[in-house]
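>>> no sequence on hand, only this structure:
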């Protein structure tokens, strides 16, 4: 899949998320970019976790993609 098409898929998914509260809640409760990508793929969008991470900091409508740095566990 070419990059322009995958970016369009990602934008379309983020736009759908803006109008679907349940979808928004699912995405916000996800732990990883791959988890979010699986949700998108389940809805027919061709999106990968890697693409989401590369899109970090960009905004589509009211949605801003942000990478959350989660600290590791310390023993």
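Arrived safely. Note that this is a predicted model, so its numbers are computed, not measured. Residues are numbered from 1 along each chain as shown.

>>> I would like the residues contacting the worst-scoring helix or strand of the chain on mean pLDDT, please.
For the chain, scoring each helix and strand by mean pLDDT, DSSP states H and E identifies strand 63-64 as the least confident one, at a mean of 78. In this structure, residues lying in contact with strand 63-64 by C-beta atoms under 8 Å, 6 or more residues apart in numbering are 14, 15, 17, 18, 57, 58. The way it works is simple: take the backbone N, C-alpha and C, and place the C-beta from them, glycine included.

>>> and what of stretch 43-59?
Applying C-beta under 8 Å, 6+ apart, the set of residues contacting stretch 43-59 from outside is 1, 5-7, 9-10, 12-13, 16, 23, 32-37, 40-41, 64-67.

>>> ranges for the helices of the chain?
Assignment of helices within the chain using DSSP state H yields the ranges 3-19, 21-28, 33-42, 49-54.

>>> picking that back up, need the contacts of strand 63-64 in JSON lines with distance to residue 47, pLDDT and neighbour count, can you?
Converted to JSON lines, the contacts of strand 63-64 look like this (distance: C-beta to C-beta, whole Å; pLDDT from 0 to 100; neighbours: other C-beta atoms under 10 Å):
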{"residue": "14", "distance to residue 47": "9", "pLDDT": "90", "neighbour count": "23"}
{"residue": "15", "distance to residue 47": "12", "pLDDT": "92", "neighbour count": "14"}
{"residue": "17", "distance to residue 47": "11", "pLDDT": "92", "neighbour count": "24"}
{"residue": "18", "distance to residue 47": "15", "pLDDT": "89", "neighbour count": "13"}
{"residue": "57", "distance to residue 47": "17", "pLDDT": "85", "neighbour count": "9"}
{"residue": "58", "distance to residue 47": "14", "pLDDT": "83", "neighbour count": "14"}
